[in-house]
Every structure is written in structure tokens, then in C-alpha cells.
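1. the following comprises the amino acid sequence and a computationally predicted model.
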Amino acid sequence: MSPVYKCGLEERSKISMKALVKNLGDQFNVPIDELEHLNLEQFVDNAIKVEQGELATLRCDGKC
């Protein structure tokens with residue numbers, strides 16, 4: 001049985017980062033070969049830099 005964590009009143013199974021990325025890729029219809037070559041460490045590092053304002057976001061939310 002996989003480990004669970006509590007989120008509010010619900011219990012949810014843990015999911016690996018790889019599985020999470022694959023599931024998100026499926027939802028956004030990203031080609032599987034692009035997901036297989038995704039450098040998760042670099043992706044997370046860049047996300048942190050964007051959050052801290054050290055790297056510009058690729059998304060234009062009206063502030064561009």
C-alpha cells in the first residue's frame with residue numbers, strides 16, 4: 001500500500017515527481033519525448049528563480 005498524507009479531510013496517495021510531470025504532460029498534451037528529456041532539476045531551479053524574481057517568466061500576464 002502506498003503512503004498517504006492528509007490534505008484537509010481527504011487522504012491522498014503520494015505521487016513521484018516523475019509521475020506528476022507525466023500526468024501534467026498528458027493533461028497539457030505535451031509530446032512524451034519532450035517529457036522524457038525534461039531536466040527536472042533545472043526545471044525546479046528555474047521555477048525557484050522565477051519566484052524569487054531572478055529569472056523572467058515566459059508567461060505574459062499583462063505586466064509584460
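-> Received it, and whenever you're ready, just let me know what you need. Numbering: from 1, shown residues only.

2. next one: the most centrally placed residue in the chain from A56, what distance?
-> Among the residues of the chain, the one closest to the centroid is V21, at 5.6 Å (Cα atoms, centre = their mean). Noted for V21: a distance of 22 Å to A56, by Cβ to Cβ, to the nearest Å. Quick note: C-beta positions are derived from backbone N, CA and C, even for glycine.

3. please name every helix or strand in contact with the helix or strand harbouring the residue nearest to the centre of the chain.
-> Element membership of V21, judged by DSSP states H and E, is helix 17-27. Helices and strands touching helix 17-27, by 3 or more Cβ pairs under 8 Å, 6 or more residues apart in numbering; DSSP states H and E, are helix 32-36, helix 40-51.

4. with mean neighbour count added, can I get these in CSV?
-> Formatted as CSV, those follow (neighbours: other Cβ atoms under 10 Å):
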stretch, mean neighbour count
helix 32-36, 10
helix 40-51, 12
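
5. figure out which of these is closest to R12.
-> Comparing the helices and strands packed on helix 17-27 by their distance to R12 (Cβ to Cβ), the top pick is helix 40-51, with 21.1 Å.
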